[in-house]
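# below are the sequence and a predicted model; questions follow.
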Amino acid sequence: MNLLELENLTLNRPRLRRRWFQHGVENEGLIEGLSLTLRSGGSLCLVGGEESGMVALTLGILKLEGISSGRIVFGG
């Protein structure tokens, strides 16, 4: 049985753009097309540098932050 499934997950975050004569908000791609399956009894370890999207991924899995596209399935 699968405990967690991520299918083609994409996470974007709005980022303030400040350049000469170009101000506004643009989407910063944090994660694109991530798919994984975690089986019951398994474990998952997230490793990455600062600003790598680990916190955003964790918040997205817990549904504390929205995802841009993809599918998250718990226990199914």
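Ah, there it is. Residues are numbered from 1 along each chain as shown.
# does residue 60 really touch residue 71, like I thought?
No. Under the criterion of C-beta atoms under 8 Å, residue 60 is not in contact with residue 71, lying 11.4 Å apart. The way it works is simple: take the backbone N, C-alpha and C, and place the C-beta from them, glycine included.
# now for those two: what residues contact both?
With contacts taken as C-beta atoms under 8 Å, 6 or more residues apart in numbering, the residues that reach both residue 60 and residue 71 are residue 9.
# the more surrounded of those two?
residue 60 (23 against 11; other C-beta atoms under 10 Å).
# name the SS class of residue 57, please.
In three-state terms, and counting by DSSP: H, G, I helix; E, B strand; the rest coil, residue 57 is helix.
# so who does it touch?
Neighbouring residues of residue 57 by C-beta under 8 Å, 6+ apart: 9, 11, 30, 31, 34, 46.
# ok, the nearest residue to the fourth one once chain neighbours are set aside to residue 23 distance?
With sequence-adjacent residues excluded and distances taken as C-beta to C-beta, 6 or more residues apart in numbering, residue 31 is closest to residue 11, at 4.4 Å. When distances are taken as C-beta to C-beta, to the nearest Å, residue 11 and residue 23 turn out to be 24 Å apart.
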